[in-house]
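Trainee: This is a predicted model, with the sequence first.
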Amino acid sequence: MSKERFDFNAGLKRKLTIAFIVGAVLLLVGAILPSGGHESEEHGEGDHTELASAGDHGDGHATAEKKESHGDEHGADAGHEASEDGHGEEASHGGWWKRFKIDFWINNVYFTGIALIGLFFFAIQYAAQAGWSTYILRIPLSLASWILPAGILMLVTFLFFNHDIFHWTHSDLYDTASSHFDSIIAGKSNFFFLPLEGGSFPVFFVLRMVVFFAAWYFLFNKLKSLSSMEDELGGTSYWYKMRRNSVAFLLVFAVSSSVSAWDWIMSIDTHWFSTMFGWYVFASWFVTGLALITLITVLLKEAGYLAQVTVNHLHDLGKFVFAFSIFWTYVWFSQFLLIYYANIPEESVYFVERFLSDKYAPVFFVNLIMNFFFPFLCLMTRDAKRLNVFLKIACIVIILGHWMDFYLMITPGTLGAEGGFGLTEIGMYLMFGSVFLFVVLRALSSMALVPKNHPMLEEAKHHHI
Amino acid sequence: MSDSKDFLLGVYDDEDVLLKAVGKIRNAGIKIHEVYSPFPVHGLDDELGYKKSRLPIAAFMFGMLGTTLALTMQIWMLGIDWPMIIGGKNHVALPDFVPVTFELTVLLAAFGMVGTFLVSSDLKPWKDPKLLDIRITDDKHILAIDLGKNKAVEASEIGNVLKDSGAVEVNDKKVEE
């Protein structure tokens, strides 16, 4: 028989600690190295000229020695340096620091989404009275244990870094006397600042964040305690209680997922709006969460846990990942096509910033390849969905690919030409990921790996497709 | 003689018994012609040792055909035969073609797959069904053994194996071709 409880042993903890330290080291190296160094890793030479002409300060701060190492940067830098930054090293530090803050936000949104999808997946299984997934229910439930830390991080990040992430937080935008007055943003001020005046403290925005996290955490706690009580006491009454709470969560999530997508991501490009955006972010979160659930299931099975999980259960998970990577593409394309076809300037600026920028155009295509073409072709056949190796590869690509997706949603609007992809980003992802996994795996080890008294255990046992 | 087939039919009234019986019979070296059941029995394909269906390959091919046709059609119509400026876009603007391409891919994949299935399993409206036992449309599972293909084993021996494996009846049935 398989081991009943997941053993979060010292070896695993050590690996996660090492990943965290590696991430921290990469982050520090990213801070010390000129940010231009990151650029050349990911993209080619073209970026430098683009950067210089775009007049950014991420690259243009170059000190004398750096100029030697990047001979292709030219005079344009110098002039812009003098006018905008005028202080070499400090600007370099500033650029990194800003990237650090933005990376913090990207990872926050990304991992919050995975945690929420954990609870969402758990809830749909109850709402749909699904039996096949009974063996793996504890995995999504553990993912959701990140909701509380995510909420705290989100609030703290917003309170400290808001001016760098959200253009709309600058009070002079709402001041008619100011030269920065922006009538479009001022017109949206109620959405952020109600009941206060535009430009003061964003009460409504923060309130939404707090209320959403509180509701999610409350329902998560409720479901988790019901699930562990079912383990102890048995009987079908807990299943019905969990079902009621699951439906409540789904109703809350239906609204809150969309609104948080507008709040946390779409409001970065404050002038811009898309009616597809809530779905788009949800689709991105959902397929990432599904891929992580599948990946953890496969890895646990390979480590000798979850012996009851057969290839049929994995096949269903594979179908989920396959289907929702297509769903993401569908939503992504629906948003793209309408904006492209209508070609209204205030809408198409979103894609101009991404598609027509030398810096982000490669990410734009990488995003599509990693999140659509690769999983689509990799998981298309029945056999692929039943083989661990294909599932693992596709899931890892999707998990990384959707980080790129969130990167592409958030960075152009915040950093613009200053942005880059390099050690800082990789380091932050590793640090965030290792802490996230630490919390999740600890939660996973605190309960039996398979619900003991779930009324549908027998149905899951006979699941066959 | 050559235009009639001799079948031995094992009648089962429980799918769990049937599933186990299939394994036993195959282990005894007897070739099973076909199993007829009133509803899909999970795991029966594996027990019968059926080869994997090649239908998905047909679906993929028809899908690719749909993609090619759709792209060719649109590029020819809007790019070559009657170029028009629509919304200031290029004549051949690929994003515009995606919805139609998608729909034709799905349409051809679906119709192609259904058509392939009908042809390969010889299903057609005017087909005269030859039921080995009318009760497979109600509540009995029939396991058919083609005696012509099991000459190595005595018919009576096969009957005994069927009985041992839990068949409630064993019937002989001749089918004229």
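Mentor: Here it is on my side, so go on. Numbering: from 1, shown residues only, chains lettered A, B, ... in the order given.

Trainee: C-alpha only now, for contacts and for neighbours.
Mentor: Fine.

Trainee: Would you quantify the distance from A:L196 to A:I185?
Mentor: Note on A:L196: its distance to A:I185, by CA to CA, to the nearest Å, is 15 Å.

Trainee: Check the offset of the helix or strand containing A:V389 from the chain's centre.
Mentor: Under the criterion of DSSP states H and E, A:V389 resides in helix A:388-414. When C-alpha coordinates are averaged (CA atoms, centre = their mean, to the nearest Å), helix A:388-414 and its chain have centres 9 Å apart.

Trainee: On the three-state scheme, whichever residue of the stretch 101-250 of chain A sits closest to chain B is what?
Mentor: Per CA to the nearest CA, the residue of the stretch 101-250 of chain A with the smallest distance to chain B is A:W132, at 14.5 Å. The three-state assignment at A:W132 reads coil, by DSSP: H, G, I helix; E, B strand; the rest coil.

Trainee: In space, what's closest to it - neighbours in sequence excluded?
Mentor: In space, not counting the residues next to it along the chain, A:W132 is nearest to A:A460; the distance is 4.3 Å by CA to CA, 6 or more residues apart in numbering or on different chains.

Trainee: same question, A:Y174
Mentor: Once flanking residues are discounted, A:Y174 sits nearest to A:A186: 5.1 Å by CA to CA, 6+ apart.

Trainee: Confirm the one you found sits in a strand?
Mentor: No. When classified by three-state DSSP, A:A186 is found to be helix rather than part of a strand.

Trainee: Sticking with the closest residue to chain B within the stretch 301-450 of chain A, tell me its helix or strand.
Mentor: For the stretch 301-450 of chain A and chain B, the shortest gap (CA to the nearest CA) falls at A:L337, measuring 6.7 Å. Remark: A:L337 resides in helix A:311-342, with elements defined by DSSP H and E.

Trainee: what does A:L430 give?
Mentor: helix A:423-445.

Trainee: what about B:V119, neighbour count?
Mentor: Using other CA atoms under 10 Å in any protein chain shown, B:V119 has 11 neighbouring residues.

Trainee: hmm, I was thinking of B:V175
Mentor: B:V175: 12 surrounding residues under other CA under 10 Å.

Trainee: Confirm it sits in a strand?
Mentor: Yes. Per three-state DSSP, B:V175 lies within a strand segment.

Trainee: what are the bridge partners for it, then?
Mentor: B:K5 (DSSP bridges).

Trainee: So it sits against B:P129, correct?
Mentor: No. Applying CA atoms under 8 Å as the test, B:V175 and B:P129 come out as separate, 11.9 Å apart.

Trainee: still on that earlier bit, next, count neighbours for the residue nearest to A:Y174.
Mentor: By other CA under 10 Å, the residues close to A:A186 number 20.

Trainee: For it, which residues are in contact?
Mentor: For A:A186, the set of contacting residues under the criterion of CA atoms under 8 Å, 6 or more residues apart in numbering or on different chains consists of A:L173, A:Y174, A:G198.

Trainee: who in chain A is up against chain B?
Mentor: Along chain A, the residues adjacent to chain B under the rule CA under 8 Å from any CA of the partner chain are A:L337, A:Y341, A:A342, A:T381, A:H464, A:I465.

Trainee: which one of those residues sits closest to A:M229?
Mentor: A:H464 (29.1 Å; CA to CA).

Trainee: Make sure that closest one is actually in contact with A:N312.
Mentor: Yes. A:H464 is within contact range of A:N312, at 5.6 Å (criterion: CA under 8 Å).

Trainee: Any regions of chain B where pLDDT drops low?
Mentor: When residues are selected by pLDDT under 70, those of chain B lie in B:1-3, B:177.

Trainee: Can you find which helix in it contains the most residues?
Mentor: The helix spanning the most residues in chain B, taking DSSP state H as the definition, is helix B:94-120.

Trainee: and the host helix or strand of the residue nearest to A:W132, how far out from the chain's middle?
Mentor: A:A460 is located in helix A:457-461, with elements delineated by DSSP H and E. Once both centres are worked out by CA atoms, centre = their mean, helix A:457-461 turns out to sit 33 Å from its chain's centre.

Trainee: That one packs against which elements?
Mentor: Other elements packing on helix A:457-461 under the criterion 3 or more CA pairs under 8 Å, 6 or more residues apart in numbering or on different chains; DSSP states H and E are absent; no helix or strand qualifies.

Trainee: Need the contact partners of that helix.
Mentor: By CA under 8 Å, 6+ apart, the list of residues contacting helix A:457-461 reads A:G131, A:W132, A:S133, A:T134, A:Y135, A:Q308.

Trainee: a markdown table for those residues, including distance to B:E34 and pLDDT?
Mentor: Shown next, in a markdown table, are those (distance: CA to CA, whole Å; pLDDT from 0 to 100):
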| residue | distance to B:E34 | pLDDT |
| --- | --- | --- |
| A:G131 | 32 | 94 |
| A:W132 | 30 | 95 |
| A:S133 | 33 | 95 |
| A:T134 | 35 | 95 |
| A:Y135 | 35 | 95 |
| A:Q308 | 31 | 93 |
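
Trainee: And these, which of them are buried?
Mentor: Buried members of the contacts of helix A:457-461, counted by 16 or more other CA atoms under 10 Å in any protein chain shown: A:G131, A:W132, A:S133, A:T134, A:Y135.

Trainee: Skip the chain neighbours and tell me the closest residue to the third one.
Mentor: Which is A:S133. Leaving aside its sequence neighbours, A:S133 sits nearest to A:A460 (CA to CA, 6+ apart; 6.5 Å).

Trainee: What distance do you get for the one you found to B:L107?
Mentor: From A:A460 over to B:L107 (counting by CA to CA), the distance is 34 Å.

Trainee: of these two, who's got more company?
Mentor: For A:A460 versus B:L107, neighbours defined as other CA under 10 Å are more numerous around A:A460 (21 against 15).

Trainee: Please report the distance of the more buried one from A:F20.
Mentor: When CA to CA is applied, the distance between A:A460 and A:F20 equals 37 Å.

Trainee: Mind giving me the packing neighbours of whichever helix or strand A:S225 is part of?
Mentor: Mapping A:S225 onto the secondary structure by DSSP H and E places it in helix A:203-233. Packing partners of helix A:203-233 (3+ CA pairs under 8 Å, 6+ apart): helix A:147-165, helix A:189-193, helix A:237-264.
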